[in-house]
Every structure is written in structure tokens, then in C-alpha cells.
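# Quick one, structure for this:
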Amino acid sequence: MPEIEMGMSYHIISRGDIDSMTYLVHLLKAGGPINTLLLSTWCMAMPDVNEIDTAIDAGMIGHCHFCIGEIFPNQYPAEYEKVRQIEASGKVRVTVARNHSKVMLGASPDRGWYFVIESSANANTNPRIEQTAIHMSKDLYDFYAEFFDGLKDIDKQSKQ
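Next comes the predicted model:
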């Protein structure tokens, strides 16, 4: 992938065995720590949850907002319990919604660095062909951030 520049968009199609987390890790390596991360996904595996938690603890991510699908609590109970534990520690916000979108938003406002990852891929790896677009855009970041910030948690364990 070329050097990441604000104002640019990068479009990728994979042959499978890649996930949105791969692109997030690349952006963190290229741009350094971010103040905020929003991760919207229908599902994710425990290694993905642990990777975000580790990145928060390491100071690579300041605060995270998980927007997860309504299937998550029942179909991924261990992962769900882990994100709620992380939420209880104050490191993340969790919103369960009728969500099938796969979007990640990251920002470091002090450096003027904003990204949006739009993908057909969930946070977890799978063997399918997936398309992803990475946009280095504050306007698009703001658009998605406003939308996701307004969602209400439909889950009975909601702290909202």
C-alpha cells in the first residue's frame, strides 16, 4: 500500500483471508496512535477483541466505541462478555444495534489525521473475497461519527 495521505482514498479487493483489522493495524503503524476509534461490525472473534484491548492498553488507541450487531450477544457470548468487561473498565463504549455495517473510524485531531475504513469484511478473518475502501477524510469521518454517536444500545445490559 502506498504512503497514507490525507485527502486520498484507497480501494482494495482481496481474495479472502483478510479482515478489516488488518487495515486498522496498517493505519496505526503508518500514522501512529489515535485518540478515538469507532469499530462497527456485525461480528468479531476473540483475537480481534483482544487486539483492540491491547492497543488501548498500549496507548495506540485512546478511546473506542464498539457498534456491534444484535446477533453478537447470543452468537458470540464470550466475545460479547469481554467487550462488556472492557466497557466496565471505562475504556470503551458498547452499542448493540440492528447493525450489519462494517465501518471503522479513527482520529487524531491534534495531528489533523482522520480515516474511515468501509469494508464488506467483518472484523474477523474469513476466506471470502472482500472489498475495502480507506478514506483519509475528516468530512467523511464526521459524517459517520455523528450517525454512530446517535445510536442507542438495544441490549438489556446497556449502560447508556
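# Tell me where this protein is predicted with low confidence.
By pLDDT under 70, the low-scoring segments of the chain are 1-2, 125, 157-160.
# what's the first-to-last distance across stretch 90-108?
20 Å (Cα to Cα, to the nearest Å).
# quick one, what contacts the closest residue to residue 33 other than its chain neighbours?
Spatial nearest neighbour of residue 33, chain neighbours left out: residue 60 (5.0 Å); criterion: Cβ to Cβ, 6 or more residues apart in numbering. Yep, even glycine has a C-beta here, placed from its N, CA and C like the rest. By Cβ atoms under 8 Å, 6 or more residues apart in numbering, the residues touching residue 60 are 28, 32-34.
# How about residue 118?
102-103, 132-135.
# Do me a favour and get the backbone dihedrals for residue 44.
phi -160, psi 160 (degrees, to the nearest 10).
# I'd guessed it sits against residue 76; true?
Yes - taking Cβ atoms under 8 Å as the contact criterion, residue 44 and residue 76 are neighbours in contact, 7.4 Å apart.
# ok, those two, which is more surrounded?
Neighbours per residue (other Cβ atoms under 10 Å) separate residue 44 from residue 76, with residue 44 holding more: 25 against 21.
# The more buried one and residue 94: what is the separation?
Relative to residue 94, residue 44 is positioned 12 Å away (Cβ to Cβ, to the nearest Å).
# what's the overlap in contacts for these two?
residue 68.
# could the contacts of residue 118 go into a markdown table alongside secondary structure?
Below are the contacts of residue 118 laid out as a markdown table (DSSP: H, G, I helix; E, B strand; the rest coil):
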| residue | secondary structure |
| --- | --- |
| 102 | coil |
| 103 | strand |
| 132 | strand |
| 133 | strand |
| 134 | strand |
| 135 | strand |
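# can you redo these as CSV with neighbour count and distance to residue 89?
Putting these into CSV (neighbours: other Cβ atoms under 10 Å; distance: Cβ to Cβ, whole Å) gives the following:
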residue, neighbour count, distance to residue 89
102, 22, 25
103, 19, 24
132, 21, 30
133, 15, 33
134, 23, 29
135, 21, 31
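# Kindly reformat the residues you listed as TSV containing distance to residue 80.
As requested, these are exported to TSV (distance: Cβ to Cβ, whole Å):
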residue	distance to residue 80
102	18
103	20
132	25
133	28
134	28
135	29
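# Let me know the secondary structure of the spatially most central residue of the chain.
In the chain, the centroid-proximal residue (Cα atoms, centre = their mean) is residue 39; its distance is 2.1 Å. Per three-state DSSP, the secondary structure class of residue 39 is strand.
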